[in-house]
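> Okay, sequence plus prediction incoming.
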Amino acid sequence: STQSRSSAASDVYKRQRKSKYLVTGAEDGCARLWNLKGGWLLRRFEGHYGSGITSLCVTEIDGAEKLITSGGDQTTRVWSLEDARLFATKREKGEPKTMSVTALCVFERGDRMLIATTKNAQLWRMDTGKRERTFEGHTGTLTSLVLMRKEKQFVTTSTDQTVRVWSVNGNGGERCSQPLQVFTDMHDDEINALCVLGDGEMLVTGSGDATACLWKLDNYKSGGGGGGGGGRKAVQFVDEVVPTAKAPLKLADFHHYHQSGVTSLCATGEGDEAILVTGSRDCTARLWSLASGHEGEHLLEFVGHKASVAAVCVAVVGGGHRRLVTGSWDCTARVWSLEDGGLLRTFSGHSGPVTSVVVTADGELLLTASRDHSTCLWSLNDNDTGNADGKPLRRFECHSDGLTSVSVTRDGTRLVTGSHDGKARVMFLV
């Protein structure tokens, strides 16, 4: 199982009835409390992002037993053993010891790409392999980034609980430390995922606090006050190109259903057909309405994964059917019906957690990235026998560490992968 393969630390602790419980920490950033006699999983402690738990211990604080965990995300967390509540988070000072590529996106023309890392965001040319610009300012690991507004701007999220809007052109130099806007106080925990609606009019954020939120991103004249009507506080850094925006106005909450952190998001459709899918560490994905007047309405639950759902993607496949694709720490990718939530197919060719999924524009092919250092290519054609026996059509192995992200150019000729080895690679798909 994933847990037994990736355990990085464990601590048997004693209560009055002697060593009846075991606590383990794993690469998926989750600590688990087990019954030693029966091997039952009693509780999960989830919150470390992007890297495994490196150490843990159980101790008594203020008369109650607490679990203390440290992770590769440079945080130390204190938890209640009774109900897995998070009491405190302490972040280490200084830069991460190693740099990982945590997310990436490709420009529509396929000539440039943006990557997010544990330190900053970077703009690269895909034809020459030259880095054009570095964007600095986040104080935590970057978790996602999305292009918007005709690819002139992009948005980043981070474990520092902020959302930042940047100009792709920066300030004209090779380094940019001045975002257009910095939004704070949007969630009570790190922000793990982001998707943009329209061309930047609205965005959705997903957080370790087990919620997703829909925000409005209107532009306002410089000097405007804080966002009213349920908006949040913003710290604003303005250049001479884009006018100041108020803090985002929250339009809807997607909550009360996920039992653990939201890890991934995907929004698609227009008007009454607009939907949002959320993936969570509680092993489920959920479908929500984004239709006007019904924002935040829960529609379906997708149940079947045995570990955290790390990636979600909605695609139109053969026959014009919309399908949901999920990737999970249980080492599988799955295809689901968006009509009834039924499981249609399972791809189980990876030996490590599936961290990212993407479907080609024609809806024919699926790409999955995994912690097993590989990217796999699959057919989504129901009549294609090339995926028989769980074997992919093709496997790409060119990284020295686990993969975090995969994307594909719009013309379907090249794929781009990001990895914990600190590299992003461009490969020909055909």
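On my side now, so go ahead. Numbering: from 1, shown residues only.

> and the helix or strand hosting Ala252, which residues are buried?
Remark: Ala252 resides in strand 249-254, with elements defined by DSSP states H and E. Along strand 249-254, the positions that meet the burial threshold by neighbour count (16 or more other Cβ atoms under 10 Å) are Leu249, Lys250, Leu251, Ala252, Phe254. Where C-beta positions appear, they are placed from N, C-alpha and C, glycine not excepted.

> before we move on, what about stretch 109-126?
Buried residues in stretch 109-126, counting neighbours by 16+ other Cβ under 10 Å, are found at 110, 112-124, 126.

> Return the subset of the residues you listed lying in helices.
When DSSP state H is applied, these are split such that none fall in helices.

> so of these, which ones are in strands?
Among the buried residues of stretch 109-126, the members found in strands (DSSP state E) are Arg112, Met113, Leu114, Ile115, Ala116, Thr117, Ala121, Gln122, Leu123, Trp124.

> what's the farthest-apart pair in those residues?
Farthest apart among these by Cβ to Cβ are Arg112 and Thr117. That separation is 16.4 Å.

> strands paired with the strand holding Ala252, and their directions?
Based on DSSP bridges, the strands next to strand 249-254 in the sheet, each with its direction, are strand 212-216 (antiparallel).

> How far off centre is the partner strand?
Relative to its parent chain, strand 212-216 has a centroid offset of 16 Å by Cα atoms, centre = their mean, to the nearest Å.

> In a helix, Gly319, correct?
Yes: Gly319: assigned to a helix according to DSSP: H, G, I helix; E, B strand; the rest coil.

> Now do the contacts for it.
For Gly319, no residue counts as a contact, taking Cβ atoms under 8 Å, 6 or more residues apart in numbering as the criterion.

> Return the per-residue confidence for it.
The predicted local distance difference test score for Gly319 is 75.

> pLDDT score assigned to the residue nearest to Arg131 when sequence neighbours are not counted?
Of all residues beyond its chain neighbours, the one nearest Arg131 is Trp124 (5.2 Å), with distances taken as Cβ to Cβ, 6 or more residues apart in numbering. In this prediction, Trp124 carries a pLDDT score of 96.

> is Trp124 in a bridge, and if so with what?
Judged by DSSP bridges, the bridge partners of Trp124 are Met113, Arg131.

> That one and Thr117 touch, don't they?
No: using Cβ atoms under 8 Å, Trp124 makes no contact with Thr117, being 11.5 Å away.

> and Asp340, how far is that from Tyr257?
Asp340 sits 18 Å away from Tyr257, taking Cβ to Cβ, to the nearest Å as the criterion.

> between the two, which one's more packed in?
Shown here are Asp340 and Tyr257; by other Cβ atoms under 10 Å, Tyr257 has more neighbours (15 against 7).

> Am I right that the more buried one is in contact with Glu301?
Yes: with contact defined as Cβ under 8 Å, Tyr257 and Glu301 form a contacting pair (7.5 Å).

> Overlap of the contact sets of these two?
When contacts are counted by Cβ under 8 Å, 6+ apart, Tyr257 and Glu301 are jointly contacted by Arg286.

> Pick the one among the buried residues of strand 249-254 closest to Val196.
Comparing those against Val196 with Cβ to Cβ places Leu251 closest, at 13.9 Å.

> wait, what's in contact with the closest one?
Under the criterion of Cβ under 8 Å, 6+ apart, the contact list for Leu251 reads Met202, Leu214, Trp215, Lys216, Glu295.

> what's the spacing between it and His294?
Using Cβ to Cβ, we find Leu251 at a distance of 12 Å from His294.

> ditto for Val406
Counting by Cβ to Cβ, the gap from Val406 to His294 is 32 Å.

> Looking at these two, which has the bigger crowd around it?
Counting neighbours by other Cβ under 10 Å for Val406 and for His294 shows that Val406 has the greater number, 25 against 13.

> Tell me which helix or strand Leu265 sits in.
Assignment of secondary structure by DSSP H and E places Leu265 within strand 262-268.

> If you could redo that for Asp189, that was the one I meant.
Per DSSP H and E, there is no helix or strand for Asp189.

> That one - how many residues pack around it?
Every residue meeting other Cβ under 10 Å relative to Asp189 is counted, giving 18.

> I'd guessed it sits against Gly47; true?
Yes: under the criterion of Cβ under 8 Å, Asp189 makes contact with Gly47 at 7.1 Å.

> ok, now how distant is the residue lying closest to Gly402 once chain neighbours are set aside from Leu324?
With Cβ to Cβ, 6+ apart as the measure, Arg371 is the residue that lies nearest to Gly402, at 3.5 Å, once sequence neighbours are left out. With the distance defined as Cβ to Cβ, Arg371 ends up 22 Å from Leu324.

> so who does Asp188 touch?
For Asp188, the set of contacting residues under the criterion of Cβ under 8 Å, 6+ apart consists of Ser207, Asp209.

> Kindly state the pLDDT recorded for it?
Asp188 is given a pLDDT of 88.

> ok, back up a step: if I look at Asp189 and Gly47, which residues touch both of them?
Shared contacts of Asp189 and Gly47, defined by Cβ under 8 Å, 6+ apart, comprise Leu86, Gly208, Gly261.

> mind putting these in TSV, distance to Glu397, neighbour count and pLDDT included?
Output for these, formatted as TSV (distance: Cβ to Cβ, whole Å; neighbours: other Cβ atoms under 10 Å; pLDDT from 0 to 100):
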residue	distance to Glu397	neighbour count	pLDDT
Leu86	37	17	84
Gly208	31	25	90
Gly261	30	25	91
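
> Leu377 contacts Phe396, correct?
Yes: with contacts counted by Cβ under 8 Å, Leu377 reaches Phe396, the gap being 7.5 Å.

> hey, where'd the strands end up in the stretch 101-250 of the chain?
Under the criterion DSSP state E, counting those that start in this stretch, the stretch 101-250 of the chain contains strands at 101-106, 112-117, 121-125, 131-135, 142-148, 153-158, 163-167, 175-176, 181-183, 191-197, 202-207, 212-216, 234-235, 249-254.
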